[in-house]
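*Asks:* from the sequence below, what's the structure:
(one chain, ligands or ions: 1)
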Amino acid sequence: MSSRTDSGRSYHKECTGDALDTAKDHSRDEAITLFGSCFCPFVQRVWIAFEYLGIPYKVYEVDPYQKPQDLLEVSPKGLVPGLRLNEFNPPRGLNESTVILEYLQDLSTATTSKSLLPSVGNPYARSLVRLQADHVNRNLVPAFYRFLQAQDPEVQATAGKEYTATIETLVSLLERTEREVVEQGGVFGDGERRALAIGLGLWFEGGSLGWIDAMAGPWLYRTKVVLGHYRGFKLPSNPKLQNWLDRLFEYPAFKATRSSDQLYIDSYERYAFNRPNTSQVANAINSGRALP
Ligand SMILES: N[C@@H](CCC(=O)N[C@@H](CS)C(=O)NCC(=O)O)C(=O)O
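*Replies:* Residues are numbered from 1 along each chain as shown. From the prediction side, this is the model:
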């Protein structure tokens, strides 16, 4: 059943559930301050990476719609996520979730053995993962908002089909990666399969968190919770997709950044009823422009 009445709920300003515990554990000053908002999937992307890579950080929750001065200093459009790099004097800022993800990956390559990407010795595997991420940014994310913001039932039905198609394309890119990077060349033992799957993410049973998990996971979780609630949406019935998502949503670095489902349902009501001036993302979707 999809919910049809706008009850006027607004976005939350503080994490709940596991995410709140994680935020409390990261409330002391550190070399990096993460400017974030509890409902935001772009923030969750980089938060997952901090958790997985084990990079020290402080969480600082801000309201990006109020555009506080300290947020504008690190993120010129006043969008979260932003990073303040306190090791510089004066501190420097960094914004854009995908750029921040690259930054954290580079930091971790220099300091720890953990990686969200396949090794630099396997450029083709890295490119396949980037193709997946490119598809998510170019197609899946905008289609998510188009579907959620569509009001007319016929437009909703079309937008739902288009969104499903973007998930199916992601699945076929994951399958291609599995075929070309892991399966190709005959029979491997489990150890070799696991080694080949490093950086390819939780799609691979027994694998660890990867680039695509961080890039796509936040929207896939909101697909289940928010699109399920407001649009009665069901993911394509594909057992491999379902198993991937079950593993991902319960994976420690992902779970640690999840608020309660109710927080997302409340926070996305504005999008589901396409209230005017919901956000820069919502305005871009309504006017057919690229996302900010
Ligand atoms: N391209 C940006 C998008 C970030 C973004 O849109 N964040 C939203 C919250 S989910 C925001 O800060 N919105 C404030 C606004 O619309 O003014 C990124 O990838 O970091």
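
*Asks:* return the residues of the stretch 151-292 of the chain in contact with the ligand.
*Replies:* Contact residues, the stretch 151-292 of the chain versus the ligand (CB under 6 Å from any ligand atom): 279-281, 292. No exception for glycine: its C-beta is placed from N, CA and C like everyone else's.

*Asks:* apply 5 Å and report the result again.
*Replies:* Residues of the stretch 151-292 of the chain lying close to the ligand (CB under 5 Å from any ligand atom) are 279-281.

*Asks:* which of those ranks first by neighbour count?
*Replies:* Comparing those by number of neighbours (other CB atoms under 10 Å), V281 comes first, having 20 neighbours.

*Asks:* give me the pLDDT for that one.
*Replies:* Model confidence at V281, given as pLDDT, is 97.

*Asks:* any idea which element it lies in?
*Replies:* Here V281 sits within helix 280-286, counting by DSSP states H and E.

*Asks:* what residues of that helix count as buried?
*Replies:* 280-282, 285 (16 or more other CB atoms under 10 Å).

*Asks:* elements contacting that helix?
*Replies:* In this structure, helix 280-286 makes packing contacts with helix 141-149, judged by 3 or more CB pairs under 8 Å, 6 or more residues apart in numbering; DSSP states H and E.

*Asks:* hmm, the helix it packs on touching the ligand?
*Replies:* No. Using CB under 5 Å from any ligand atom, helix 141-149 stays clear of the ligand, with a minimum separation of 8.8 Å.

*Asks:* output the contacting helices and strands for that helix.
*Replies:* Helix 141-149 sits against helix 153-177, helix 211-222, helix 228-231, helix 269-272, helix 280-286, with contacts defined as 3+ CB pairs under 8 Å, 6+ apart.

*Asks:* contacts for it?
*Replies:* Defining contact as CB atoms under 8 Å, 6 or more residues apart in numbering, one finds that helix 141-149 is touched by 156, 159-160, 162-163, 165-166, 219, 222-223, 226-227, 230-231, 233, 268, 271-272, 274, 281-282, 285-286, 291.

*Asks:* repeat that with 6 Å
*Replies:* Contacts to helix 141-149, defined as CB atoms under 6 Å, 6 or more residues apart in numbering, come from residues 159-160, 162-163, 166, 219, 271-272, 274, 281, 285.

*Asks:* chain center to it: distance?
*Replies:* The chain centre lies 14 Å from the centre of helix 141-149; the measure is CA atoms, centre = their mean, to the nearest Å.

*Asks:* same check, this time on stretch 64-82
*Replies:* Centre-to-centre, stretch 64-82 and its host chain are 19 Å apart (CA atoms, centre = their mean).

*Asks:* what is the end-to-end distance of it?
*Replies:* 10 Å (CA to CA, to the nearest Å).

*Asks:* next, see if that stretch gets close to the ligand.
*Replies:* Yes. Contact of stretch 64-82 with the ligand (CB under 5 Å from any ligand atom) involves 64, 79-80.

*Asks:* in that stretch, which residues are buried?
*Replies:* Buried residues in stretch 64-82 (16+ other CB under 10 Å): 64, 71, 73-75, 78-82.

*Asks:* hang on, the earlier thing: give me the buried entries from the contacts of helix 141-149.
*Replies:* The neighbour count (16+ other CB under 10 Å) marks 159-160, 163, 166, 219, 271-272, 274, 281, 285 as buried among these.

*Asks:* got those as a markdown table, with distance to F147 columns?
*Replies:* Shown next, in a markdown table, are the buried ones among the contacts of helix 141-149 (distance: CB to CB, whole Å):
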| residue | distance to F147 |
| --- | --- |
| A159 | 4 |
| G160 | 6 |
| Y163 | 4 |
| T166 | 10 |
| W219 | 11 |
| Y271 | 10 |
| A272 | 10 |
| N274 | 11 |
| V281 | 13 |
| I285 | 10 |
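
*Asks:* which one of those residues sits closest to Y103?
*Replies:* Distance to Y103 across those (CB to CB) is lowest for W219, with 21.1 Å.

*Asks:* got a pLDDT number for that closest one?
*Replies:* pLDDT, W219: 98.

*Asks:* grab the nearest non-local neighbour of the residue of the stretch 101-250 of the chain found nearest the ligand.
*Replies:* Using CB to the nearest ligand atom, the single residue of the stretch 101-250 of the chain nearest to the ligand is N137, 8.2 Å away. With CB to CB, 6 or more residues apart in numbering as the criterion, N137 has its nearest non-adjacent residue at 6.8 Å, and that residue is T98.
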